[in-house]
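Visitor: Below: sequence and its predicted model.
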Amino acid sequence: MEAPPAHPPPAKQSFLRRNKYVLPLLLTINVSAAAYLFLKLKEKDAEADKATPAAIPPAAPTAPLVEPSPSLAPAITEPVKPRDPIPEDQQRELFKWILEEKRKVKPKNRDEKKRIDEEKAILKQFIRSTSIPAI
């Protein structure tokens with residue numbers, strides 16, 4: 001006796017076909033969350049606009065809300081010592097490096113290009129000068 005012919009297995013469907021409700025549900029949740037956050041931020045901006053500095057009375061105390069902890073703030077016992085001046089050779093090398101970095105910058109508009117060109121001209125003057133002014 002012959003066995004009945006075997007049926008081929010059914011074609012496997014994609015995840016989205018099997019779960020038709022998943023994608024619309026996820027999209028609805030995401031849009032709802034985005035709208036909620038947008039409205040909350042808009043409310044905060046509106047509240048911030050209402051509380052202008054003119055609305056605060058001039059006699060209001062201006063003390064900080066949180067006092068700094070003495071354990072967090074280090075005690076300064078020595079005055080700050082001035083650092084040694086940078087030698088001219090190192091300053092020139094620094095100016096050359098800055099100039100190279102300015103050349104790599106891609107300006108976004110005419111004003112920015114003009115500003116960068118002015119800065120590069122000043123750097124070139126410093127590099128070419130015989131003495132560099134002390135800062």
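Guide: Sure thing, it's come through. Only a predicted model underlies this, so the values are computations on that prediction, with no experimental measurement involved. Numbering: from 1, shown residues only.
Visitor: Can you pull the domain assignment for this protein?
Guide: Taking the TED database as the reference, the chain has its domains at 15-47, 87-134.
Visitor: weakest of those domains in terms of mean pLDDT?
Guide: For those, mean pLDDT drops lowest on domain 15-47, to a mean of 87.
Visitor: which of the residues in it are buried?
Guide: By 16 or more other C-beta atoms under 10 Å, domain 15-47 has no buried positions at all. Glycine gets a C-beta too; all of them are placed from N, C-alpha and C.
Visitor: ok now it, how far from the chain's centre?
Guide: 25 Å (C-alpha atoms, centre = their mean, to the nearest Å).
Visitor: One more: stretch 7-23?
Guide: For stretch 7-23 - counting by C-alpha atoms, centre = their mean - the centre lies 44 Å from the chain centre.
Visitor: Please enumerate residues in contact with it?
Guide: Stretch 7-23 has contacts (C-beta atoms under 8 Å, 6 or more residues apart in numbering) with no other residue.
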